[in-house]
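> Quick one, what's the 3D model for this:
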Amino acid sequence: MPCERKTMRYGHSEGHTDVCFDDTGKYIVTCGSDGDVRIWESLDDDDPKSINVGEKAYSLALKNGKLVTAASNNTVQIHTFPEGDPDGILTRFTTNATHITYNSSGSRVAAGSSDFMVKVVEMSDSSQQKTLRGHNAPVLSVTFDPKDEFLASASCDGSVAVWKIEEQTQVISWPLLQKSNDVINAKSLCRLAWQPKAAKLLAVPVETTVQLYQRDSWAHVNTLSDDLGTQAINVVAWSPCGKFLAAGSIGGLLTVWDVESKLCVERQTHEKGYTVCGLAWHPSGGQIAYTDTEGCLGVLDGLSSSSSSSSTTAAKTSYDDLFDDDDDDRPMDEGVSEGARSPAKNPGDEDDDDDLMPATGRARNRSAFLDDENSLDTGSLKLGLDKFVDDDDVGSAIVPPAAAAAPLRPVYDGPMPTPPQKAFQPGSTPAHLMHRFMMWNSVGIVRGYNDDQDNAIDVEFHDTAVHHAMHLTNSLGHTVADLSQEAVLLACPGTDELASKLQCLHFSSWDTNKEWMVDLPKGEDVRALCLGQGWAAAATSALMLRLFSIGGVQRELFSLPGPVVCMAGHGEQLLVVYHRGTGFDGEQALGVQLLQFGHKRRQVIHGEPLPLSRRSHLSWLGFTAEGTPCFIDSEGVVRLLNRSLGNMWTPVCNTRDNCKGKSDHYWVVGVHENPQQLRCIPCKGSRYPPTLPRPAVAILPFKLPLCQTTTEKGQMEEQYWRSVLLHNHYGFLSSSGYEIDEEGQSQAQKEQQELLMKMFALSCKLEREFRCVELAELMTQNVVTLAIRYASRSRRMALAQRLSDLALEKANQLQGEEPQEEEEEEPLQYTRRNTGSGLGRPGSAGGQHRVTNVLDSMISSSRKPTALLSSSGSTGKLNKTPVLKPLAPRPKTKVQHNSQIETGFQLWLEENRRILLADNPELEETDVIKEAMGRFRTLSADDRLVRCLTQVCVCASLINTWCYDTLSVREMIYLLD
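Next comes the predicted model:
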């Protein structure tokens with residue numbers, strides 16, 4: 001019975017939930033502590049119908065188009081289904097009802113309440129009620145006998161009772177449970193379940209086991225248990241055929257047993273380990289829906305209960321064809337007890353191999369092995385089945401109850417493979433939605449509509465100066481889109497008759513033909529696409545990446561190392577994420593490549609692993625407006641590429657910190673480094689926003705996850721390193737040939753130095769002198785001079801001495817780097833002027849577009865010397881090569897400074913000259929110096945040391961004043977004072 005555990009989704013707020021299917025299995029119906037009942041068409045339904053039944057909803061049941069709910073207003077209500085219209089109140093209690101259920105025909109409803117009573121009410125006439133009294137505490141659960149003769153109930157008084165409905169008498173009671181005073185304090189909900197059809201067995205969850213009691217005799221006949229089950233079982237449910245029993249525990253373990261053989265045929269673990277409090281089988285028996293105490297809904301899909309009446313039938317299946325004829329000469333019962341040996345296979349069963357369940361409880365194909373990353377099985381260890389099976393076929397072997405001791409051999413019981421993440425388009429909502437966002441980015445919005453009235457695509461621009469809005473008929477069935485300031489790129493999957501197509505609407509073209517289309521080779525579909533500056537890219541199912549010019553010329557073509565997950569483009573950069581292998585234990589194994597399509601084409605990131613949060617997947621990929629790659633995972637962590645640290649990824653924000661509820665998310669549409677903003681759409685109770693009404697964009701701040709950010713020291717450290725990280729783009733843009741905002745860059749450096757000085761002062765107060773020196777190493781030389789003055793005035797002479805040594809060291813380093821910088825700059829000085837826009841650069845004609853990316857507003861300097869020819873206005877001289885003369889070298893005034901280095905006494909004299917002249921206005925210059933020397937000699941040794949250290953810093957400053965602002969050291973010192 002191999003199955004797939006699908007990713008859970010948020011359905012209700014935190015608290016108790018319940019779940020059931022409708023009679024046809026078309027809908028999943030859930031209720032929660034938020035008082036809402038939600039009707040889901042599938043697990044992927046992002047717009048379920050919601051019905052409010054009260055402040056809280058404790059339980060629900062559905063049959064014959066009538067939805068019954070137990071609400072917090074002490075009533076059991078009826079609603080029509082699926083319309084959700086109120087249809088009256090079935091019954092009332094003096095306190096809230098805790099659990100309700102239908103009988104097999106849907107003619108009666110049983111309800112248990114916290115007032116210790118159980119009521120059985122006729123649906124046709126609610127006045128016809130039977131009340132069962134006998135419990136001494138709130139009722140936990142109720143269940144009907146399929147033959148409608150008996151009813152079983154569990155209570156907080158620790159008892160499980162069986163009642164005869166017509167006589168309203170108690171037949172038997174078992175003291176099986178731990179006592180409690182209320183349902184909320186009960187160790188387990190003890191959701192009882194009566195076997196359908198045969199009606200022979202009553203299943204009672206007791207601690208970590210399920211006790212089975214026989215109808216009529218009420219004798220205990222069997223116990224179902226699981227070696228991995230360490231916490232109490234909360235809820236049980238029978239399969240529609242009555243042959244399998246599913247259970248959900250407090251620890252999140254989901255187990256399915258074959259009741260006849262008592263074998264565990266399926267075991268899955270909740271992805272986050274939350275308590276399972278709701279469980280329901282699909283009417284077909286191929287699916288189980290479950291809910292947890294965090295308001296989430298999950299589904300186990302691919303269950304097969306119709307092929308085998310018991311594990312005995314499965315055990316009768318020969319192992320010959322399951323393992324590719326390996327070890328044919330080996331006895332098939334080797335290592336297995338007599339009771340578990342398998343007889344020869346029936347030749348007539350060969351065609352039904354796929355329908356039979358092997359004894360391992362896992363499918364023969366590898367996809368079933370990838371279903372559950374958390375499933376660990378000890379059954380195969382007990383059987384020693386590694387003699388017969390490959391590692392890929394061992395998942396959850398079954399342990400016969402009568403298995404005798406046999407020689408054990410080691411088998412793989414480590415982390416299980418994770419299902420690979422499917423390809424998606426960043427900035428889009430799921431493709432199965434009728435109304436969806438195909439793209440939302442800094443340029444505009446692309447919406448897709450696919451309903452009975454229309455199948456169309458709307459393109460809306462944030463700035464109408466870029467282009468007017470467009471309405472496109474989606475006759476080809478496009479599912480993927482991207483939008484830039486030059487074009488709209490669309491792609492549709494292929495069919496048996498038509499190939500997958502790539503369509504581009506190049507609205508910025510100056511000619512009349514603004515549309516082109518390309519058919520991909522047969523059998524190759526577009527999985528992801530993106531637009532850059534002058535180019536378009538498409539990744540396909542054939543592990544190929546195809547590049548096109550924006551006008552439709554086919555360019556580079558290369559293979560990807562694995563199936564693509566998503567792509568993003570910005571300017572001349574292309575970011576590709578793909579599967580680099582199989583992940584284990586819930587992890588995705590993703591790789592990333594960053595390509596640069598400039599004058600020098602190169603690969604910046606060579607397929608390094610993409611770091612995601614624990615057990616998460618990629619949810620958004622893109623670039624900041626300044627051109628820095630970034631991505632977001634399903635846990636809400638935003639990571640930015642740190643170019644100054646060897647292209648490492650640094651977390652800069654966690655959107656989950658700003659969510660009010662656990663079911664809330666933020667859907668990202670853009671990232672900006674200056675100002676520091678994360679632009680996103682808040683989604684309450686969902687992962688994706690609705691298309692109508694148009695959602696509002698919120699702005700979240702960045703915050704590095706440093707330690708102790710509540711302290712003054714931690715806050716300043718976070719501000720400093722965030723400023724450093726988010727201003728690295730200045731260096732990248734400058735090296736890429738773009739003119740940058742020098743004023744903004746200098747302002748950022750000034751802010752960083754101010755933060756360093758504040759941290760330095762704080763460390764001095766805390767007497768952390770070694771930390772002060774560490775901070776000074778991050779400062780510029782002029783700021784180190786200020787730090788020396790601060791340390792001297794704080795009477796920290798040892799620190800001041802070390803800082804003076806550091807200042808001299810920095811001065812020597814800068815003096816040594818000066819000749820290298822001049823040698824590198826001189827040959828390139830002729831290229832630093834703008835000579836017009838080259839290929840792939842934004843032109844100046846056709847009006848000024850709104851700036852959505854920083855690169856759109858920057859002037860790119862040409863890298864080709866021959867581009868200067870295009871600016872020549874004289875005819876007949878176009879064939880002449882221009883003479884390129886480097887600019888004259890700048891005079892080296894840094895060392896040839898006219899000022900004589902002053903001594904400590906001279907500095908003191910200049911500072912105190914006014915005081916001396918005010919005291920003795922009649923003195924000549926010579927007498928002033930004599931008077932000053934007399935006073936200077938009276939100074940203490942510490943004060944004189946201050947003057948000497950200041951002299952050292954002034955010397956270093958005079959040598960390198962060309963590196964800093966025009967402000968002198970003395971002026972900065974006076975500003976500090």
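> Extract the C-alpha trace of stretch 241-248 and format it as CSV.
Extracted C-alpha coordinates of stretch 241-248, given in CSV (Å, rounded to 0.1, in the frame of the first residue of the first chain):
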residue,chain,number,x,y,z
CYS,A,241,-13.9,-1.9,2.5
GLY,A,242,-13.4,-2.6,6.3
LYS,A,243,-10.1,-4.4,5.8
PHE,A,244,-7.7,-1.6,6.8
LEU,A,245,-7.5,0.7,9.8
ALA,A,246,-5.7,4.1,9.8
ALA,A,247,-4.6,5.8,12.9
GLY,A,248,-3.2,9.3,13.7
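> So what's the gap between it and the chain middle?
The chain centre lies 34 Å from the centre of stretch 241-248; the measure is C-alpha atoms, centre = their mean, to the nearest Å.
> now swap in stretch 451-468 and tell me
Relative to the mean C-alpha coordinate of its chain, stretch 451-468 is positioned 29 Å out (C-alpha atoms, centre = their mean).
> same check, this time on stretch 713-727
24 Å.
> who touches that stretch?
With contact meaning C-beta atoms under 8 Å, 6 or more residues apart in numbering, stretch 713-727 is reached by 640, 642, 644, 650, 652, 673-674, 676, 702-704, 706-709, 745, 748, 751-752, 755-756, 758-759, 762. For glycine as for every other residue, the C-beta is placed from the backbone atoms N, C-alpha and C.
> tell me the mean pLDDT over that stretch?
Average pLDDT, stretch 713-727: 92.
> Which parts of the stretch 401-550 of the chain are strands?
In the stretch 401-550 of the chain, the strands defined using DSSP state E, counting those that start in this stretch lie at 435-440, 444-450, 455-461, 470-473, 480-483, 488-492, 501-505, 515-519, 526-531, 535-540, 544-549.
> Of all those strands, which one is nearest residue 110?
With C-beta to C-beta as the criterion, residue 110 lies closest to strand 435-440 of those, at 41.6 Å.
> and for the closest one, what are the contacting residues?
With C-beta under 8 Å, 6+ apart, strand 435-440 has contacts from 425, 427-430, 445-451, 457, 478-483, 669, 688-692.
> Going by neighbour count, which of these are buried?
Among those, those classed as buried by 16 or more other C-beta atoms under 10 Å are 425, 427-429, 445-450, 457, 478-483, 669, 688-691.
> Per the annotation, how does this protein divide into domains?
Taking the TED database as the domain assignment, the ranges for the chain are 418-564, 611-740, 745-810, 911-950.
> Reformat those as a markdown table; add distance to residue 270.
Output for those, formatted as a markdown table (distance: least, C-beta to C-beta, whole Å):
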| stretch | distance to residue 270 |
| --- | --- |
| domain 418-564 | 15 |
| domain 611-740 | 12 |
| domain 745-810 | 45 |
| domain 911-950 | 65 |
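> Same list (the strands of the stretch 401-550 of the chain) but as CSV, adding distance to residue 247 and mean pLDDT.
Below are the strands of the stretch 401-550 of the chain laid out as CSV (distance: least, C-beta to C-beta, whole Å; pLDDT from 0 to 100):
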stretch, distance to residue 247, mean pLDDT
strand 435-440, 38, 93
strand 444-450, 41, 92
strand 455-461, 45, 93
strand 470-473, 52, 92
strand 480-483, 42, 96
strand 488-492, 45, 95
strand 501-505, 50, 95
strand 515-519, 53, 94
strand 526-531, 40, 95
strand 535-540, 44, 96
strand 544-549, 47, 95
